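Novice: I'd like to go over a predicted model; first the sequence, then the structure.
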Amino acid sequence: DAKTTQPNSMESNEEEPVHLPCNHSTISGTDYIHWYRQLPSQGPEYVIHGLTSNVNNRMASLAIAEDRKSSTLILHRATLRDAAVYYCILNRDDKIIFGKGTRLHILP
Amino acid sequence: EPEVTQTPSHQVTQMGQEVILRCVPISNHLYFYWYRQILGQKVEFLVSFYNNEISEKSEIFDDQFSVERPDGSNFTLKIRSTKLEDSAMYFCASRALVGLNQPQHFGDGTRLSIL
């Protein structure tokens, strides 16, 4: 299974941008980079995904390194509701393997 | 926005009993999944289902587990004879047909407690 590495936890102040890093040095050419998050007592929620180019949607932006061995999820203006575990996943053959993710704490 | 719904939200069952967890995927989705999350642990893949058959299953998904799409809308997970270690949150997910890398959409889960 394709492996990703994320920090165990991060903190950010409310209303400030958050950059969540992910390393995936063993990524293959056809692996898409997916980000999900899991709010307390809820199921995982899709955030964003990309292959090579940077991506933006209403929830976040995804910056992908040129060599694709790392990526960064950017929350432009964190709110308390963004406190969650964020998972960086390489989607290979339609298979999502969840790691431990990064627990994001938002400070009011 | 369409969503995946799961019932019940909490199921309490005696060890050895059969349990059926129910899911209604998003209506135009054709790929379906079950995952579980034991308290404090990672979300684990159980099974994927497409075109009325299992596409892939994990080691966790042994003979005690089965899945079914009994009608056009429901997708169920059955555990035949529950064990204490089956206590977990069970999440259903679905995704659209088009494109291998379409995201999966998850329900909010069923908390299964085995006594």
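Specialist: Arrived safely, thanks for sending.
Novice: And B:M15, which helix or strand is it part of?
Specialist: B:M15 is part of no helix or strand when elements are defined by DSSP states H and E.
Novice: For stretch A:31-38, the averaged confidence score.
Specialist: In this model, stretch A:31-38 carries a mean pLDDT of 94.
Novice: How many residues are close by residue 86?
Specialist: I went with chain A, as the question did not name one. 23 (other Cβ atoms under 10 Å in any protein chain shown). For the C-beta atoms, the positions are set from N, CA and C on the backbone; glycine is no exception.
Novice: wait, chain B
Specialist: Neighbour count for B:D86, taken as other Cβ under 10 Å: 20.
Novice: so what's it up against?
Specialist: Listed by Cβ atoms under 8 Å, 6 or more residues apart in numbering or on different chains, the contact set of B:D86 reads B:I79, B:L112, B:I114.
Novice: what's the closest of these to chain A?
Specialist: The closest of the contacts of B:D86 to chain A turns out to be B:L112 (Cβ to the nearest Cβ; 14.1 Å).
Novice: Next up, the contacts around the residue nearest to that closest one when sequence neighbours are not counted.
Specialist: Leaving aside its sequence neighbours, B:L112 sits nearest to B:Q11 (Cβ to Cβ, 6 or more residues apart in numbering or on different chains; 5.1 Å). Going by Cβ under 8 Å, 6+ apart, B:Q11 touches B:V19, B:L21, B:T110, B:R111, B:L112, B:S113.
Novice: burial count for the closest residue to B:S9 other than its chain neighbours?
Specialist: In this structure, B:S9 finds its nearest non-sequential neighbour in B:T110, 6.4 Å apart by Cβ to Cβ, 6+ apart. Residues lying near B:T110 (other Cβ under 10 Å) number 22.
Novice: what pairs with B:T110 across the strands?
Specialist: Note on B:T110: beta-bridge partners by DSSP bridges are B:Y90.
Novice: Let me know the pLDDT of it.
Specialist: Predicted confidence (pLDDT) for B:T110: 97.
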